[in-house]
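> sharing a model that was predicted from the sequence below.
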Amino acid sequence: MKTLLDINNGKKVKILKISGGKGVRQHLQCLGIHVGDVVTLKKTSFLGGPILLEVNGYDIALGKGVASKIEVEEVE
Amino acid sequence: MRIAFIGQPNAGKSTLFNGLAGYKTITANFPGQTVHYTISSVKIGDETFEIVDLPGIYSLTAIDKAEFESRKYILSNQADVVINVIDASTLSRSLELTLQLAELQVPMVICLNMIDEARRKGLEIDSKKLSSVFGVPVIETIASKGVGIDKIFSSAKEAYYKRLIPKIQFFHKDIEEKINEVEKLIPENIFNNLPKRYLAVKILEGDQEIFEKLKNHVDLLEKFERIRKEIENTHGRHADTVISSERHALSMNIFEEVTTFGEPAKPLREKIDDLLTNKYLGYPLLLLILFGIFFIVFEVGKLIEEPLVGVFDSLIDKLPALIKEDSFAFFIVKGLLEGFSGGLGVAIPYLLPFFVGLTILEDIGYLPRMAFLMDTIMHRIGLHGKSVLPFIISYGCNVPGVMATRILESPRDRFITATLSVFVPCAARTTVIFGLVGAYIGGFAAACLYLFNLIFIMLTGALLTKLIPEITPGLIMEIPPLRIPTIRNIFMKTWLRLKDFTMVAWPLLVISSIILSILEYLKFDILFNKIFSPVVNWLLGLPEQTGIVLLFGILRKELSMIMLFQAMGTTDLSTVLSSVQLIVFTIFTIFYIPCVGTIGTLIKEMGLKKTILITLLTLISAVALALAARVVLSMII
């Protein structure tokens, strides 16, 4: 299973599953990140730090821990 | 009529509010700036409107403390009209909150703010269509430029008098059936008149607060859990995920229905943004920006401070000629002048440029980018990127720094971040560092003190996170687009922040300066000095007279420097204190007990117990570090 950490910059991915507790799940939902959404990985940062996602036209930063809980598949 | 501004973080609520109420609240380009709500009265014609600016809230499922405050206010039914402020460029997501607000069945106006930014993204929103979907007025605004804000009150009145309550948007049939089932079970008079539908949806989402209130109805809770389980079984996902996906789908439908999509302009901003958060170049740029700001602050500050303080110094020198020396009046006037010049010497020269710099960084939207860059480093001390913001703000003043910890989700992160923030040398302590070590020993030594402080904070952070282990989910944060700050906003915000200082801190400074002067007249200072002597003199090797000076430093840290001159009876400290003593004194001042203002804020934010804990920690650290500095430096120098 691929997570957001295994994706290269600039790739579009579809979110398949968000694991982790209710807190993380709801926080992501509040920010508009849902299972089934297609998002673009805009940027990874130094030393496996946070990643920058584009979701429906706005940017969300996710820490490494959170990103590893989001399972995705590449589209296109 | 009471109008509440509700919207997602960074949608421009505070900018709108300021545009209507005059400048009363601080806005910024990072999510969660408004940590408490501000109420203001505006009179238009013969009608008085009470407007309320609430912290931004992504959804009625509150995630952090600031969001929780907002939700509490909204649910308390105090608002006659709700103005749902939406960042038009993120309409698809913002509508998810709108859908939830609709369930509360209060007259509403939808305000599509930052409509210019939406156009830049190629989104053309049909506000008439949106208005007919929800059945409430929709207005378009650009709050930063004041465009459209005149329509707010008229549409609020329209919504109120015509009782324009938003139409409920329905989910899929099977979910609606479950909602119906739950609605019928909800007992009367537990949830003072909150609409049943809202409650039912929240119950399906597993809302903790509601379940808490129902804890005596065991049979009901069981039934609700069963219904939630049924949804989970048919959909193969948690009930809260199902509801959230339903809402997401609804918003996307409405969004697509009311929006025409054009080509987004690929502006210069995007390129600059790319550079600022660049994997490699981002870090040197970050250092450059921070050092640049501090450099400018101190260069500009020094330039203004010297002549300003000089005027007062010469006044104090001339004083014996005007009033009889050693008389009571002489001491009062001297204390007054010294306190006044101390405030003027700090507030105007150093705070002003610092606030301007901070405001520009905030309004551009650099702070969240900094959080992004610093996330990895902050993880080393067990926190995540968002904690950087309270630290940076603390370099100006610890009070807003501690308040800014509200943007953090977990209480443990809030506690650790607040504790560390208190150690950050604020503008007041910075003047001590520069006024004592910088002036008498040199700029390099002063810079070393900063580094020493930073290392100490990192180590304390690492230690605290070891002591209070907890798996934190990590960084989840929106990065708003870069924006060009308006001169007006920078000016007004700087003024607002400076006003806080002049209204609260400055009078305190003058009063305590007078008190010290009186104590000196009564010779009480000698008594205090004797009491503190074991620590100050025996342990730290400082002159006995510094005891009372350090006591007053608790009121405001820069007082300890201003009064040091007074207590030692000289304007050239190098004649009475050795370099080691100066450094030991400065280190003690940096670390010991937060100032009165910070203590007050800590009590409000963290509670008394934790405040005492933090205060004790600072005191122990200060004594230990100052002692260590004394021992080590005496060997070197």
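Alright, I've got the coordinates. Numbering: from 1, shown residues only, chains lettered A, B, ... in the order given.

> quick one: neighbours of the residue in chain A that chain B sits nearest to, just the number.
Evaluated by CB to the nearest CB, chain A has residue A:63 as its residue closest to chain B, separated by 3.0 Å. C-beta coordinates here come from the backbone N, C-alpha and C atoms, glycine included. If you count neighbours by other CB atoms under 10 Å in any protein chain shown, residue A:63 ends up with 24.

> likewise the one 10 residues further on?
By the measure other CB under 10 Å, the count of residues near residue A:73 is 11.

> all the strands of the stretch 351-500 of chain B, residue numbers only.
Ranges of strands in the stretch 351-500 of chain B, per DSSP state E, counting those that start in this stretch, are B:476-479.

> now swap in chain A and tell me
Using DSSP state E, the strands of chain A run over A:12-18, A:38-44, A:51-55, A:58-62, A:70-74.

> need the nearest residue in space to residue 49, chain neighbours excluded.
Let's take chain A. residue B:376 (3.5 Å; CB to CB, 6 or more residues apart in numbering or on different chains).

> ah, I was thinking of chain B
In space, and not counting its chain neighbours, residue B:49 is closest to residue B:42: 4.9 Å by CB to CB, 6+ apart.

> helix, strand, or coil at the one you found?
Look at residue B:42: counting by DSSP: H, G, I helix; E, B strand; the rest coil, its state is strand.

> just the pLDDT for the residue of the stretch 401-550 of chain B found nearest chain A.
Closest to chain A within the stretch 401-550 of chain B is residue B:474: 3.0 Å, counting by CB to the nearest CB. As predicted, residue B:474 sits at a pLDDT of 80.

> now swap in residue B:182 and tell me
pLDDT at residue B:182 comes out at 93.

> residue B:4 belongs to a helix?
No: assigned with three-state DSSP, residue B:4 falls outside any helix and is strand.

> and it, how many neighbours?
Residue B:4: 23 neighbours (other CB under 10 Å).

> for whatever helix or strand residue B:74 lives in, name the packing helices and strands.
Element membership of residue B:74 [criterion: DSSP states H and E] is helix B:65-75. If contacts are counted by 3 or more CB pairs under 8 Å, 6 or more residues apart in numbering or on different chains; DSSP states H and E, helix B:65-75 sits against strand B:2-7.

> what angle do the strand it packs on and helix B:65-75 make?
Relative orientation of strand B:2-7 versus helix B:65-75 (axes from the mean of the first three to the mean of the last three CA atoms, to 10 degrees): 140 degrees.

> hang on, the earlier thing: what's the most buried one of the strands of chain A?
strand A:58-62 (a mean of 24; mean count of other CB atoms under 10 Å in any protein chain shown).

> wait, isn't residue B:114 in contact with residue B:89?
Yes: here residue B:114 lies in contact with residue B:89, judged by CB atoms under 8 Å, at a distance of 5.8 Å.

> in terms of pLDDT, where does the residue of chain A closest to chain B sit?
89.

> the helix or strand hosting residue B:297 to strand A:38-44, inter-axis angle?
Using DSSP H and E, residue B:297 sits within helix B:282-322. Going by the same axes, to 10 degrees, helix B:282-322 is angled at 70 degrees with respect to strand A:38-44.

> could you point out the helix or strand that follows helix B:282-322?
Sequence-wise, the next helix or strand downstream of helix B:282-322 (DSSP H and E) is helix B:328-346.

> which outside residues touch that following helix?
With contact meaning CB atoms under 8 Å, 6 or more residues apart in numbering or on different chains, helix B:328-346 is reached by B:305, B:308-309, B:311-313, B:315-316, B:319-320, B:323-324, B:427-428, B:431, B:502, B:505-506, B:509-518, B:520-521, B:558-559, B:562-563, B:566.

> same check, this time on stretch B:594-608
Around stretch B:594-608, the neighbours that count as contacts under CB under 8 Å, 6+ apart are B:397-399, B:402-403, B:405-406, B:414-415, B:418, B:422, B:428, B:504-505, B:508, B:553-557, B:593, B:610-611, B:614-615, B:618.

> just the buried members of the residues you listed?
Buried members of those, counted by 16 or more other CB atoms under 10 Å in any protein chain shown: B:397-399, B:402-403, B:405-406, B:414-415, B:418, B:422, B:428, B:505, B:508, B:553-557, B:593, B:610-611, B:614-615, B:618.

> for the residue nearest the centre of chain B, give me the pLDDT.
Against the mean C-alpha coordinate of chain B, by CA atoms, centre = their mean, the closest residue is residue B:404 at 3.0 Å. Looking at residue B:404, its pLDDT stands at 80.

> picking up where we left off before, now the helix holding residue B:74: buried residues?
B:65-67, B:69-71, B:73-74.

> now that helix: mean pLDDT?
So the average pLDDT for helix B:65-75 ends up being 80.

> in CSV, list the C-alpha atoms belonging to that helix.
Output of helix B:65-75 as CSV, limited to C-alpha atoms (Å, rounded to 0.1, in the frame of the first residue of the first chain):
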residue,chain,number,x,y,z
LYS,B,65,-9.5,25.5,21.9
ALA,B,66,-10.2,28.6,19.7
GLU,B,67,-12.7,26.7,17.6
PHE,B,68,-14.3,25.4,20.7
GLU,B,69,-15.0,29.0,21.9
SER,B,70,-16.6,29.8,18.6
ARG,B,71,-18.8,26.8,18.6
LYS,B,72,-19.9,27.5,22.2
TYR,B,73,-20.9,31.0,21.2
ILE,B,74,-22.8,30.0,18.1
LEU,B,75,-24.7,27.3,20.0
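
> may I have the next helix or strand after it as PDB, with CA atoms only?
Counting by DSSP H and E, the next helix or strand C-terminal to helix B:65-75 is strand B:81-87. Below are the C-alpha coordinates for strand B:81-87, written out as PDB (Å, rounded to 0.1, in the frame of the first residue of the first chain):
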ATOM      1  CA  VAL B  81     -28.100  37.100  12.500                       C
ATOM      2  CA  VAL B  82     -25.200  35.000  11.400                       C
ATOM      3  CA  ILE B  83     -22.900  36.400   8.700                       C
ATOM      4  CA  ASN B  84     -21.100  33.400   7.200                       C
ATOM      5  CA  VAL B  85     -17.900  34.900   5.900                       C
ATOM      6  CA  ILE B  86     -16.400  32.700   3.100                       C
ATOM      7  CA  ASP B  87     -13.000  33.000   1.400                       C
END
